[in-house]
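Asks: Make a model of this:
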Amino acid sequence: MALRLRAMRRVLKDTGSIYLHCDPTASHYLKLLMDAIYGQKNFRNEIIWKRRQDTHNLAKKHMGKIHDTILWYAHSRKSDYRIQYLPYEEEYLRKMYSKSDKKGRYRLLPCTNEAGGNRPYEFRGLTRAWRYTKQNMQSMYDQGLLYQATPTSPFQYKKYLADAKGVPIQDLWGDIPAARGIEHLGYPTQKPLALMERIIRASSNEGDTVLDPFC
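Replies: Okay, the predicted model is just below:
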């Protein structure tokens, strides 16, 4: 294991990353090994992947084992990372994006920043400490992105659902089940395609080379 990890360190680009999948029985040993080879400062996340969605447990002496660990290390501070997003839950959408018009569903966000120290100025008859410059406020007004409940109410910004990216993923991944059905090839440590896609999209660019040294 150590020989391969050192070899990967040599060929990894400055903008590259390495993701090491393991189970909880070995993750603490491998964390020390990765710290020694890649440097503790290049540790990014310990990702918990919930590979089993059920909680059926046949074991009598311990709790059910339903997760694996993915250790993510970057080569350097230059390593690429693009935030990945999950779709919003329907309950969140009903609560937060409860309004709609011909452009679609939207939520209202304040345009004022009374506690932020912004200098007040007048905009369309209202003097407030606005979050945005007067030029940006006028631009949003011209685009129909400002909402005013009454003539004396402060303006609010209309954030459309179509412009929202979703919920940024964190280090607990519970939405990707293990490979099954026609995807499952019988290999004991096979990773689901969705898991590989998430990792590749997060830490590589179009045309980059991705290597699995344990394949």
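Asks: Give me the domain ranges for this structure.
Replies: 2-84+169-203, 88-163 (automatic domain parsing).
Asks: First residue to last residue on the longest one, what's the distance there?
Replies: Terminal residues of domain 2-84+169-203 lie 23 Å apart, using CA to CA, to the nearest Å.
Asks: can you pull out the strands in this protein?
Replies: Along the chain, the stretches classed as strands by DSSP state E are 17-22, 43-50, 67-74, 85-86, 99-101, 104-110, 121-123, 126-128, 146-147, 156-160, 167-168, 172-173.
Asks: Let me see the mean pLDDT of the second one.
Replies: Strand 43-50 carries an average pLDDT of 97.
Asks: need the contact list for the closest residue to Leu20 other than its chain neighbours.
Replies: In space, and not counting its chain neighbours, Leu20 is closest to Leu71: 4.5 Å by CB to CB, 6 or more residues apart in numbering. Using the backbone N, CA and C atoms, a C-beta is placed for each residue, glycine as well. Going by CB atoms under 8 Å, 6 or more residues apart in numbering, Leu71 touches 19-20, 22, 27, 30-31, 34, 43, 45-47.
Asks: Distance-wise, check Leu71 relative to Arg124.
Replies: Separation of Leu71 from Arg124 (CB to CB, to the nearest Å) stands at 54 Å.
Asks: before we move on, the earlier item: may I see the domains of the chain organised as a markdown table, with distance to Val210 added?
Replies: Output for the domains of the chain, formatted as a markdown table (distance: least, CB to CB, whole Å):
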| stretch | distance to Val210 |
| --- | --- |
| domain 2-84+169-203 | 6 |
| domain 88-163 | 30 |
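Asks: Now tell me which of the ones you listed the model trusts least on average.
Replies: Of all those, domain 2-84+169-203 has the smallest average pLDDT, which comes to a mean of 90.
Asks: nearest to Lys191, of the strands of the chain?
Replies: Judged by CB to CB, the one of the strands of the chain that comes nearest to Lys191 is strand 17-22, at 6.8 Å.
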